[in-house]
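Peer 1: missing the sequence, but the structure's below:
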């Protein structure tokens, strides 16, 4: 078999899996409503916790993100993200009432690809899987809870706000 | 390669949809020209939402990272090519 047909075949298998995953997510949302988000979140969190087992701990947010990126790369996950600072933001990592926050841009994302393949809307339950993944991985790296809020879901990139909840912020909340 | 955005002045109708959709406030409405202009190019994350939403197709991006298009069905695209 030549290289091109080999690629076409693996692409077709990947797309079948994407359609299947999209169908599950869409079906779940239709059947159980907003609870689908919690289920996807927990699935992602379990994956994040499992894949980042034994990872080096740090209190630095940017270093923690590097560790999460390494976990994704080591496991062949297509989730490229980077920290982003707009002109009106003084620092990359800022302190907020609910902890430390940083804005992230997600470029190549297997969830977005799946949603496009299936023709499903963004910001749904599958996006919560990524939120769960980060939460699980960052729990292992930093020992704190985190929230990944979707600020904007675009066609070529998504913009999100990651908040690392410190113990003190949790008490205030 | 640096990301660059351009708004075609003759095509822009000044509807401000790009101003509303942009999450990082790259665009601004110029009251004098009655057109949308690029104000903070460095803040662009290349989500391309502005380019997709613009009814006149006036916004163009260059030098950005194009996401991998795994979702495109090549067999289907080849069939459709005959009709388009």
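Peer 2: Structure's in. What do you need? Because the structure is a prediction, the values reported are computed rather than measured.
Peer 1: in chain A, what residue is nearest chain B?
Peer 2: Distances between chain A and chain B by C-beta to the nearest C-beta are smallest at residue A:154, namely 2.5 Å. Every C-beta, even on glycine, is put in place using the N, C-alpha and C of the backbone.
Peer 1: Residue 4: neighbour count?
Peer 2: Since you didn't name a chain, this refers to chain A. 8 (other C-beta atoms under 10 Å in any protein chain shown).
Peer 1: you looked at the wrong chain, it should be chain B
Peer 2: Per other C-beta under 10 Å, the neighbour tally for residue B:4 reads 13.
Peer 1: looking at it, it is touching residue B:42, isn't it?
Peer 2: No. Assessed by C-beta atoms under 8 Å, residue B:4 is found out of contact with residue B:42, at 10.7 Å.
Peer 1: quick one on the thing from earlier: pLDDT score assigned to the residue of chain A closest to chain B?
Peer 2: Residue A:154 is assigned 92 on the pLDDT scale.
Peer 1: Please report phi then psi for the closest residue to it other than its chain neighbours.
Peer 2: Closest residue to residue A:154 apart from its sequence neighbours, by C-beta to C-beta, 6 or more residues apart in numbering or on different chains: residue B:47 at 2.5 Å. Dihedral pair for residue B:47: phi -80, psi -20, per degrees, to the nearest 10.
Peer 1: Quick check, residue B:47 in contact with residue A:160.
Peer 2: No. Judged on C-beta under 8 Å, residue B:47 makes no contact with residue A:160 at a distance of 11.4 Å.
Peer 1: Can you tell me the SS state at residue A:150?
Peer 2: Of the three states, residue A:150 takes strand according to DSSP: H, G, I helix; E, B strand; the rest coil.
Peer 1: show me the residues around residue B:39 that make contact.
Peer 2: B:25-28 (C-beta atoms under 8 Å, 6 or more residues apart in numbering or on different chains).
Peer 1: ranges for the strands of chain B?
Peer 2: Assigned by DSSP state E, chain B shows strands spanning B:4-7, B:27-30, B:35-38, B:59-62.
Peer 1: I meant chain A, not that one.
Peer 2: A:79-84, A:94-96, A:99-109, A:145-153, A:158-165.
Peer 1: low-confidence ranges in chain A?
Peer 2: The model of chain A has pLDDT under 70 over residues A:1, A:167-173.
Peer 1: Now residue 44: closest residue in space that isn't a chain neighbour?
Peer 2: You didn't say which chain, so I picked chain A. residue A:132 (2.7 Å).
Peer 1: Chain B, not that one
Peer 2: Per C-beta to C-beta, 6+ apart, closest to residue B:44 is residue B:26, 4.9 Å.
Peer 1: What of residue A:108?
Peer 2: In space, residue A:108 is closest to residue A:80, 4.4 Å off (C-beta to C-beta, 6+ apart).
Peer 1: before we move on, what about residue A:136?
Peer 2: Nearest residue to residue A:136, sequence neighbours excluded (C-beta to C-beta, 6+ apart): residue A:48, at 2.7 Å.
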